[in-house]
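Asker: Here is the input, now give the coordinates:
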Amino acid sequence: MHLAFPLPPDISIRVQQALQEDLGTGDINAQLLPPDTFAHAELITREAAVLCGTAWFNEVFRQLDTQAVIDWQAQDGDQIQANQVLCRLSGTARALLSGERCALNFLQTLSATATQTRHYADLLAGTGVILLDTRKTLPGLRLAQKYATRCGGAQNHRLGLYDRFLIKENHISACGSITQAIASARALHADKPVEIEVENLQELAEALAAAADTILLDNFSLEQMREAVQITQRRAKLEASGGISDAQLRQIAATGVDYISIGALTKHVRAVDLSMRLSM
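Answerer: Numbering: from 1, shown residues only. Coordinates of the predicted model:
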């Protein structure tokens, strides 16, 4: 299944930073080969996964060798199988050797994120509940992992601290109350959606009275979620969050909440096992 999502604008910068981290003053191992030596390579996955990160992979080799050619056999969002050939590359041997680990790091991490997300998205299939990611991303890979969760079947929550309000416990405490926090948010940025975290049904009632757009039900039990849905009566969107496992997912969806957000989509990932083999 090929999915066409807009790519993040920071790919070139992130790749440049990653290459600098790896190459430093120069790849002394690649210098074992003459600079004009040409090579081919084949990329294989050792396990089933959802592919994601081809643009980052391509950018690594583009920055090292503008003449490098990459022929992909699968695309972002595709389900891939163990021992499947993902792409074939050709270019200078030095570029292929220098870029291998950096390119694989991006691809294995973003594919892991998309694979983890697809697991949760499949469990929610048919419920009508929207799966959301969080800000619990790897430093420097916020937009990349947000792209990967979309490839896996989730929707993005806020990208950062600038695009929408998510008023949490410490914000509420500093502002004095839920009502005051929401009022301040509206006064500061009337155009930004306002979401607020609540920890019990009394706080839910206050958030509804203050006209929050979305209310995050933090670590509510299933019974509390069902009661929250009845109390809310569609006056605000409800998001379930906090310690949610795949075993609970469909039960939570059945309570009637609108969203389920899960930090594990981006922080509990295991890199996909990939292998790149060089030939002269």
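Asker: State the three-state secondary structure for residue 266.
Answerer: helix (DSSP: H, G, I helix; E, B strand; the rest coil).
Asker: Identify the residues contacting residue 195.
Answerer: 164, 165, 166, 167, 212, 213, 214, 215, 216, 239 (Cβ atoms under 8 Å, 6 or more residues apart in numbering). Placement of C-beta: from N, CA and C, glycine included.
Asker: Distance-wise, check it relative to residue 216.
Answerer: Distance of residue 195 to residue 216, given as Cβ to Cβ, to the nearest Å: 6 Å.
Asker: Quick check: neighbours shared by these two?
Answerer: 166, 239.
Asker: And the helices in the chain?
Answerer: With DSSP state H as the criterion, the chain has helices at 11-23, 54-64, 93-124, 142-152, 169-175, 178-188, 201-209, 222-232, 249-253, 264-267.
Asker: Tell me, how many residues neighbour the closest residue to residue 206 other than its chain neighbours?
Answerer: Nearest residue to residue 206 in three dimensions, chain neighbours excluded: residue 178, at 4.6 Å (Cβ to Cβ, 6 or more residues apart in numbering). If you count neighbours by other Cβ atoms under 10 Å, residue 178 ends up with 25.
Asker: hang on, isn't residue 178 packed against residue 208?
Answerer: No - between residue 178 and residue 208 there is no contact under Cβ atoms under 8 Å: 9.8 Å.
Asker: I'd say residue 194 and residue 187 touch.
Answerer: No - using Cβ under 8 Å, residue 194 is not in contact with residue 187; the gap is 11.0 Å.
Asker: The two: who's more crowded?
Answerer: Counted by other Cβ under 10 Å, residue 194 and residue 187 do not tie: residue 194 has more neighbours, with 24 against 8.
Asker: Tell me the pLDDT of the more buried one.
Answerer: pLDDT, residue 194: 98.
Asker: Which strand residues bridge it?
Answerer: Per DSSP bridges, the residues bridged to residue 194 are residue 165.
Asker: residues in contact with residue 130?
Answerer: Residues near residue 130 by Cβ under 8 Å, 6+ apart: 155, 258, 259, 260.
Asker: swap that for residue 171, sorry
Answerer: residue 181.
Asker: swap in residue 167?
Answerer: Contact analysis of residue 167 by Cβ under 8 Å, 6+ apart lists 175, 178, 181, 182, 185, 194, 195, 196, 197.
Asker: What separation do you get for it and residue 196?
Answerer: Distance from residue 167 to residue 196, by Cβ to Cβ: 4 Å.
Asker: who touches both of the two?
Answerer: By Cβ under 8 Å, 6+ apart, residue 167 and residue 196 have these common neighbours: 178, 181, 182.
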